[in-house]
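Undergrad: missing the sequence, but the structure's below:
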């Protein structure tokens, strides 16, 4: 179970998160959480392009239901 906490953030940042969240079909809180994870991953991996990190994080958020495992073709 994930715990939640309240934090104070700049109103402008919150409004930007609301706008971006609407485009990405998430809540403002989820958008801010994504930005925080992205920033942490970027600082932990300074040699990786930020777009690569963002796409990697997004891929980890995809549901696994209905996915089929990769099976290589036999030669």
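TA: Everything's here; your move. Note that this is a predicted model, so its numbers are computed, not measured.
Undergrad: Can you give me the end-to-end span of stretch 45-56?
TA: 12 Å (CA to CA, to the nearest Å).
Undergrad: Could I get the buried residue list for that stretch?
TA: 53, 54 (16 or more other CB atoms under 10 Å). Every C-beta, even on glycine, is put in place using the N, C-alpha and C of the backbone.
Undergrad: now it: mean pLDDT?
TA: For stretch 45-56, mean pLDDT rounds to 95.
Undergrad: Also stretch 23-39?
TA: 94.
Undergrad: ok, and for that stretch, which residues are buried?
TA: Applying 16+ other CB under 10 Å to stretch 23-39 flags 26, 28, 31, 32, 34, 38 as buried.
Undergrad: so can I have CSV of those residues showing secondary structure and distance to residue 66?
TA: Supplementary listing: the buried residues of stretch 23-39 in CSV, determined by DSSP: H, G, I helix; E, B strand; the rest coil; distance: CB to CB, whole Å:
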residue, secondary structure, distance to residue 66
26, coil, 21
28, helix, 29
31, helix, 26
32, helix, 29
34, helix, 23
38, helix, 27
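Undergrad: From residue 73, how far out is the residue nearest the centre of the chain?
TA: Among the residues of the chain, the one closest to the centroid is residue 34, at 3.8 Å (CA atoms, centre = their mean). With distances taken as CB to CB, to the nearest Å, residue 34 is found 36 Å from residue 73.
Undergrad: what's the answer for residue 5, then?
TA: Distance from residue 5 to residue 73, by CB to CB: 49 Å.
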